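> Need coordinates for the following:
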Amino acid sequence: MSASPNRFFDDMSRLFSDAAGAARSLGREAEMAVKTQVERLLANMDVVTREEFEATRDMAVAARNANDALERRIVELEAKIAELEKKA
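Have a look, this model is predicted:
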């Protein structure tokens, strides 16, 4: 009679293990289905990739830095012109 409860618990353990495995499998399948749908949706939309966005951002930062340097240079040159005009 002691073998019967052990067998019951073994069967229940196996059942729960199988159910957990099936749930994980269903979860992975659902995740893949959602991922596929999102990728398809994004492919049909006019959105940029992260790489394109970062490249554009880097270009904008470089342009801003160059613009700031040019503005400083203009201020310096205008100051020199004003100084030369005072001497003349």
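> any low-confidence regions in this structure?
The chain contains residues with pLDDT under 70 at 1-3.
> tally of neighbours for Thr36?
By other C-beta atoms under 10 Å, 10 other residues sit near Thr36. C-beta: built from backbone N, CA, C; applies to glycine.
> residue ranges of the strands in this structure, please?
For the chain, no strands are identified by DSSP state E.
> can I see the domain layout of it?
Domain assignment for the chain by automatic domain parsing gives 1-46, 48-88.
> How far does the last one sit from its chain's centre?
Using C-alpha atoms, centre = their mean, to the nearest Å, the distance from the centre of domain 48-88 to the centre of the chain it belongs to is 31 Å.
> Repeat that for the longest one.
Between the mean C-alpha location of domain 1-46 and the chain-wide mean there is a distance of 28 Å, by C-alpha atoms, centre = their mean.
> mind listing the helices for the protein?
Under the criterion DSSP state H, helices of the chain are mapped to 3-44, 50-87.
> Look up the closest residue to Thr56, ignoring the ones flanking it.
Leaving aside its chain neighbours, Thr56 sits nearest to Val48 (7.5 Å; criterion: C-beta to C-beta, 6 or more residues apart in numbering).
> can you count the residues close to that neighbour?
The number of residues near Val48, taken as other C-beta under 10 Å, comes to 10.
> Next: Ala60.
Ala60 sits with 10 neighbouring residues when counted by other C-beta under 10 Å.
> do Ile74 as well
10.
> same question, the one 10 residues further on
Leu84 has 9 neighbours, counted by other C-beta under 10 Å.
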